[in-house]
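Colleague: how would this look folded up:
(2 chains)
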Amino acid sequence: MSQLQYFLALVAGGISLIGLGFALVSGPIEQALLLKAFLALGTVTLARLIVPIGLWADGALAALGAVAVLTGLAVFSPAPAMVWLALAAAWLFAWLFVERLSRFLAPGIGDSSGLGLLIPIVFGVSILVIWEAVTRGANVPQVILPPPSMIWARLTASAATLWADFQQTFLKAVLIGYALGCGAGFVAAILIDRSPFLKQGLLPLGNLVSALPIVGVAPIMVMWFGFDWPSKAAVVVIMTFFPMLVNTVAGLNASTPIERDLMRTYAAGYWQTLMKLRLPAAGPFIFNALKINSTLALIGAIVAEFFGTPIVGMGFRISTEVGRMNVDMVWAEIAVAAVAGSVFYGVVTLVERRVTFWHPSVRGA
Amino acid sequence: MNRILPIATVLLALLVVWYAAAIGLNAPWQNDVYRRAGTENVAFTQFVLDTWSQEKPVLPAPHQVAREVWNATAMVSPFVPRSLIFHAWVTFSATALGFVLGSLLGIGLAVLIVHNEAMNRSLMPWIVASQTIPILALAPLIVVIGFNIFTGTLGIPTDPARLLSKAIISAYLSFFPVAVGMVKGLRSPEAIQLDLMHTYSATPAQTFFKLRWPASLPYLFASLKVGVAASLVGAIVGELPTGAVAGLGARLLAGSYYSQTTQIWSALVVASILAALLVAAVGLVERLVNRAMGARPA
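Modeller: Next up is the predicted model:
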């Protein structure tokens, strides 16, 4: 074990020992047995100074600690010191486990077994557990930060509202705007590509526009296209157009002169060269724009709803529920947006892997 | 020189389209005005000029926007709320604070990720995944809650509290590009260069400051440009929730409440100028740093 790992192991064991001390002097012995068992086991790991302990034991201990802390919170209303110590110990064991596991999986090896995936999952779960434990254990006002369990309860309880908002914002505004904006950018890029003059004039402007705060056009679009989804789709169109334009134009120039010369020697016409050489070569660039746009589209639609909507939609719900201090509903809406955004991005990535299967970045992965 | 001609042509075409669109979009309202006033047989030139000089046009003509910007910047003192410079300053201060915080956080995370394999494996997937989450949706929440925490629990006066809560959003938006770019940059030295440092028996700190850090600077500046633009968007969106009275975002919202289209457009123009200036400033720093490091001028 490395220096850092020894240090982590000693601190984790030490904290367990202190926690065990607190547990033994306070309250009846049969209360929160799981928590005490965890602290006792954690103390036992100090034996690793003599006998080596496997990394999976650390992982199991971290998981046990998480369960023990969460059940312990149900027993004690203001969490006593031993719960906090157990939380700290569980977190340190998780950290130690991740350290040892990533050392065990030498870079690049062992990823095929799926073990590499375990590390980010452990990280995500520890964040959730700490969030839950701190908000409930320290009685953080739910207006400031509701615990994840409460957000989940709200998510399942108001699934109908969330679904209606999702339909309004995602299925209508985002998808339609995304298709129109990306399509328009793509067509415009192919047209511009034929004229070097236009290319020289439009590309610097397109690059400039990508730095501008385009979401600002939202109030204008709401004024022009009304409160319902078309105004949001319009914002999405404007936001997605320029990244698509700039990337596609760059992609159409990605084929090398020698490849274009080859097409010439085949006596290929403009369209044949475009379809068989230049568009496939532009694939990675186009998908790059599609991925950037998948995030931009959701942001555009949600922010545009801050400027006025019918009484449905994710942005509308977020801004009104913040005003009413229903923070759990806001978080539920954000969770939906996060899942929708990730799935959208994931779908685009999957299509990319299918279409640009020949690209080194796909083949290497 | 031959780059200016195409750009100028495109800009000119944009202006023409804008003026033409202004006629078309403002025509219905103008016809309404004529009908109510009982005017008939208006000459076409008169009609066109009228559509370009309405009080609350659907699409203000470029010269109307330009006049509004001029009136709100050069003609009033920059310290009164009527001045767009005042609002731009409010937005800029939140942007700058958030940008600095976000960049430092991004660089710090990147250093951790590059030096610790466990950090790399734990954090990197989440940083990439978080790019797909519409973070701006959190803006109203962060502004309102952050403001309440800062003023209530921590007892900070309202103005700095408002600035801080907007800066948090800016920082949040700008740290992703910086972290991702810097991880790439700090990893950009090749194995042979790292080996050379090893043969010099350089300490990790020496390897970092003499090899990794200088090698990462091009990546740093590229991502700082993205980050500063994202910071500005964050600050503007942070000004949208009710309560903000100053800043370009508040100006946009007020314009949209009172249908002051010219005001919206002028705020947009100023925001765009601010964005261009910020990116140009980062570019300038990049050039200065490159020169100080002895790079050959491109």
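
Colleague: Contacts for the helix or strand hosting B:A139, please.
Modeller: Element membership of B:A139, judged by DSSP states H and E, is helix B:139-148. If you take C-beta atoms under 8 Å, 6 or more residues apart in numbering or on different chains as the criterion, helix B:139-148 is touched by A:143-144, A:303, A:306, A:318-319, A:322-323, A:327, A:330-331, A:334, B:158, B:161-162, B:164-166, B:168-169, B:172, B:234, B:237-238, B:240-241, B:243-244. For glycine as for every other residue, the C-beta is placed from the backbone atoms N, C-alpha and C.

Colleague: Can you select the buried ones among those for me in PyMOL?
Modeller: Filtering the contacts of helix B:139-148 down to the buried ones (16 or more other C-beta atoms under 10 Å in any protein chain shown) takes a single PyMOL command:
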select buried, (chain A and resi 303+306+318+319+322+327+330+331+334) or (chain B and resi 161+162+164+165+166+168+169+172+234+237+238+240+241+244)
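
Colleague: And the chain, split by domain according to the record?
Modeller: Because you didn't say which chain, this covers chain A. Annotated domains of chain A cover A:3-140, A:156-364 [automatic domain parsing].

Colleague: That was the other one, I meant chain B.
Modeller: B:4-58, B:84-292.

Colleague: Could you list the low-confidence segments of the stretch 1-150 of chain A?
Modeller: A:1, A:27, A:29-30, A:77, A:106-113 (pLDDT under 70).

Colleague: give me that answer again for 80
Modeller: Applying pLDDT under 80 to the stretch 1-150 of chain A flags the ranges A:1-4, A:22-36, A:40, A:42, A:44-55, A:72-82, A:103-117, A:139-140, A:142-144.

Colleague: Residues of it that sit close to chain B?
Modeller: By C-beta under 8 Å from any C-beta of the partner chain, the residues of the stretch 1-150 of chain A that approach chain B are A:95, A:98-99, A:101-103, A:105, A:107, A:116, A:119-120, A:122-124, A:143-144.

Colleague: Now do stretch A:174-186: everything it contacts.
Modeller: The contact list for stretch A:174-186 (C-beta under 8 Å, 6+ apart) reads A:229, A:232-245, A:248, A:286, A:289-290, A:293-294, A:297-298, A:300-301, A:344.

Colleague: just the domains of chain B: most buried one?
Modeller: Comparing the domains of chain B by mean neighbour count (mean count of other C-beta atoms under 10 Å in any protein chain shown), domain B:84-292 comes out on top with a mean of 20.

Colleague: quick one: A:A297 and A:V235, what's the gap?
Modeller: 9 Å (C-beta to C-beta, to the nearest Å).

Colleague: brain fart, A:F242
Modeller: A:F242 sits 13 Å away from A:V235, going by C-beta to C-beta.

Colleague: Those two: which has the busier surroundings?
Modeller: A:V235 (32 against 24; other C-beta atoms under 10 Å in any protein chain shown).

Colleague: Spell out whether the helix or strand hosting that one and chain B are in contact.
Modeller: Following DSSP H and E, one finds A:V235 within helix A:229-252. No: judged by C-beta under 8 Å from any C-beta, helix A:229-252 makes no contact with chain B; its nearest approach is 10.6 Å.

Colleague: Over to B:P60: give its phi and psi.
Modeller: Main-chain torsions, B:P60, degrees, to the nearest 10: phi -70, psi 140.

Colleague: how many other residues sit next to it?
Modeller: Other residues within reach of B:P60 by the criterion other C-beta under 10 Å amount to 27.

Colleague: how far out from the middle of the chain is the helix holding A:V235?
Modeller: Counting by C-alpha atoms, centre = their mean, to the nearest Å, helix A:229-252 is centred 22 Å from the centre of its parent chain.

Colleague: and what of stretch A:83-98?
Modeller: 24 Å.

Colleague: Look up the closest residue to A:V140, ignoring the ones flanking it.
Modeller: Distances taken as C-beta to C-beta, 6 or more residues apart in numbering or on different chains place A:V134 nearest to A:V140, at 6.8 Å, with adjacent residues excluded.
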